[in-house]
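>>> Provided below for reference: sequence and predicted model.
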Amino acid sequence: MRWRPIAVVLGFGLFIGAYGAVLAQGDGKMAKYFVGDLRTGYTFATPETQAIQDDDFANPAFLWVDYAVELWEDPSGDAGKACSDCHGAAEDTMKGVGARYPVYNAELGKPINLEQRINKCRVDNMQAKAWKYESRELLGMTAYVKSQSRGMPVQVQIDGPMAPFYEKGKAFYFQRRGQLDMACANCHEGNAGNMIRANLLSQGQSNGFPLYRLKWQKLGSLHRRFRGCNKQVRAAPYGYGSDEYVNLELFVANRGMGLPVETPGVRM
Amino acid sequence: MRHLRPLSVTLTALAMSLGLLLGAGAQAEELVKYQIVGGESIDKSLTGQPGDPVNGRKLAINRKLGNCLACHVLPIPEQAFHGNVGPDLSEAGGNLSEGEIRLRVVDSKVLNPDTIMPAFYRNDGFERVMKKFQGKTMLSAQQVEDVVAYIMTLKGN
């Protein structure tokens, strides 16, 4: 008889958990997280983690979102304006916005992501200071705006002026890097559904960001996740909001085209 | 067919001594010269010494060194999680020769350029390595030998 380590059984348990999610594809609750071969990170999460995301009262991300609800109405900066002065009710005017970012910004001649759009409004229209990446304000507002698109399919523009930036993002995705010499694709294309030690690899989709990670005990941006993935292969990460990561964000969003926005997601 | 790897060892050695002369800072470690036999095996110990399988087992567990468990199932029951990105190695010592295992640990990409398995004894040709790991190998030559000695003990039942 072949000897089997207990650990394998444990790992296998997790694996079955994920497989269970595949089987559940047809059932009503799960169906919306599958689009063709695409699956959101939610389908790889444990039932406990899924339950936290399912319930807005249990989801800790709403501590940030609720704060952003206040900020939306709060005049700030030398222009004395609040977001609501220009945009009215977020539920109406922000619906669908988060689903189509990053977008091309003609003035800058390059794509900008939602965080950068929010900060452009602060600086240009409110004459207020830009919020820092990973600040309570910027994470909260990004999640609040993007959550107005919950359930709507991700759909970004990649042609026209966006084409060269998309190509750069794509090249980044397939470039091996770091001392471990791995590309994003090595883990998230070829190995989604496999275990890297205790981690079940997902497809690395972005539709849930910003999201609350139990490991971080905090809401975090997509760029924080990119930095983490770069660092775990011992590659020097790029800066928050860097052109490299915005291009990558564009590629990753398009790779998950059609998946429903699930911001704010919850993950291990 | 026989070829020498790394080709640049002599050059590296030269650069090293130049670097020392110039008092340059971060330097690539000098790698031990090794020979790939028939494109599929490194027959000789990198250090000329036998490996220590007990230490090899520890290295296979250590997340900062071998971390073989990240991707492979190994007969290490006290560790809770074993990855399955790579094949089960429980019988690898019976299926492969020592030299074949050594080449896979040193640089699997010689055999399969598309593999996800990192090269544990290579220190150049990487993109954007974090500063503190630049010019370094994941394992030292002796650590490679220890891991190889450990895998060689895995013959299944």
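Arrived safely, thanks for sending.

>>> contacts and neighbour counts: CA atoms only from here.
Will do.

>>> show me what the mean pLDDT comes to for stretch B:143-151.
On average, the pLDDT along stretch B:143-151 is 98.

>>> ok, residues contacting it?
Stretch B:143-151 is contacted from outside by B:45-47, B:49-57, B:59-60, B:66, B:89, B:92-93, B:98, B:101-102, B:105-106, B:120-121, using Cα atoms under 8 Å, 6 or more residues apart in numbering or on different chains.

>>> filter those down to the buried ones.
Buried residues within these, defined by neighbour count using 16 or more other Cα atoms under 10 Å in any protein chain shown: B:45-47, B:51-53, B:56-57, B:59-60, B:66, B:89, B:92-93, B:98, B:101-102, B:105-106, B:120-121.

>>> can you tell me which of those are in helices?
If you go by DSSP state H, those have B:Pro53, B:Gly56, B:Arg57, B:Leu59, B:Ala60, B:Ala92, B:Gly93, B:Glu98, B:Ile101, B:Arg102, B:Val105, B:Val106 in helices.

>>> how far off centre is the host helix or strand of A:Ser84?
Using DSSP states H and E, A:Ser84 sits within helix A:83-87. With Cα atoms, centre = their mean, to the nearest Å as the basis, helix A:83-87 stands 25 Å off its chain's centre.

>>> pull that helix out as PDB, backbone CA atoms only.
These are the backbone C-alpha positions of helix A:83-87, laid out as PDB (Å, rounded to 0.1, in the frame of the first residue of the first chain):
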ATOM      1  CA  CYS A  83     -18.200  65.000  -5.000                       C
ATOM      2  CA  SER A  84     -22.000  65.200  -4.800                       C
ATOM      3  CA  ASP A  85     -22.000  68.800  -6.000                       C
ATOM      4  CA  CYS A  86     -20.900  67.700  -9.400                       C
ATOM      5  CA  HIS A  87     -22.100  64.100  -9.500                       C
END
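
>>> report the buried residues of it.
Under 16+ other Cα under 10 Å, the buried positions of helix A:83-87 are A:Cys83.

>>> average pLDDT for the helix or strand following that helix?
Remark: after helix A:83-87, the chain's next helix or strand is helix A:90-93, criterion DSSP H and E. Helix A:90-93 shows a mean pLDDT of 98.

>>> one more: stretch B:70-80?
98.

>>> right, is it up against chain A?
Yes - counting by Cα under 8 Å from any Cα of the partner chain, contacts between stretch B:70-80 and chain A involve B:Ala70, B:Cys71, B:Val73, B:Pro75, B:Ile76, B:Pro77, B:Glu78, B:Gln79, B:Ala80.

>>> what about the last one, how many residues nearby?
Right, the one you point to is B:Ala80. 16 (other Cα atoms under 10 Å in any protein chain shown).

>>> and it, helix, strand or coil?
Look at B:Ala80: counting by DSSP: H, G, I helix; E, B strand; the rest coil, its state is coil.

>>> same question for the third one.
Classification of B:Val73 into helix, strand or coil gives coil, according to three-state DSSP.

>>> quick check: closest non-adjacent residue to it.
What sits nearest to B:Val73 in space, not counting adjacent residues and going by Cα to Cα, 6 or more residues apart in numbering or on different chains, is B:Asp88, at 4.7 Å.

>>> okay, strands next: where are they in the stretch 151-268 of chain A?
Assigned by DSSP state E, counting those that start in this stretch, the stretch 151-268 of chain A shows strands spanning A:195-196, A:199-200, A:211-213, A:218-220, A:266-267.

>>> now the stretch 1-150 of chain A
A:34-35, A:38-39, A:103-105, A:110-112.

>>> show me what from chain B comes close to chain A.
Residues of chain B lying near chain A (Cα under 8 Å from any Cα): B:69-71, B:73, B:75-85, B:116, B:118-119, B:123, B:126-131, B:133-134, B:137-138, B:156-157.

>>> let's see which of the residues you listed end up in strands.
Using DSSP state E, no member of the residues of chain B next to chain A falls in strands.

>>> if I look at the closest residue to A:Pro102 other than its chain neighbours, how far off is A:Thr49?
Spatial nearest neighbour of A:Pro102, excluding adjacent residues (Cα to Cα, 6+ apart): A:Asn113 at 4.2 Å. Here A:Asn113 is placed at a distance of 27 Å from A:Thr49 (Cα to Cα, to the nearest Å).

>>> same check on A:His188?
For A:His188 relative to A:Thr49 (Cα to Cα), the value is 20 Å.

>>> equivalent analysis for A:Ser76, please.
36 Å.

>>> over to B:Gln79?
Distance from B:Gln79 to A:Thr49, by Cα to Cα: 24 Å.

>>> please consider this matter closed, and thank you.
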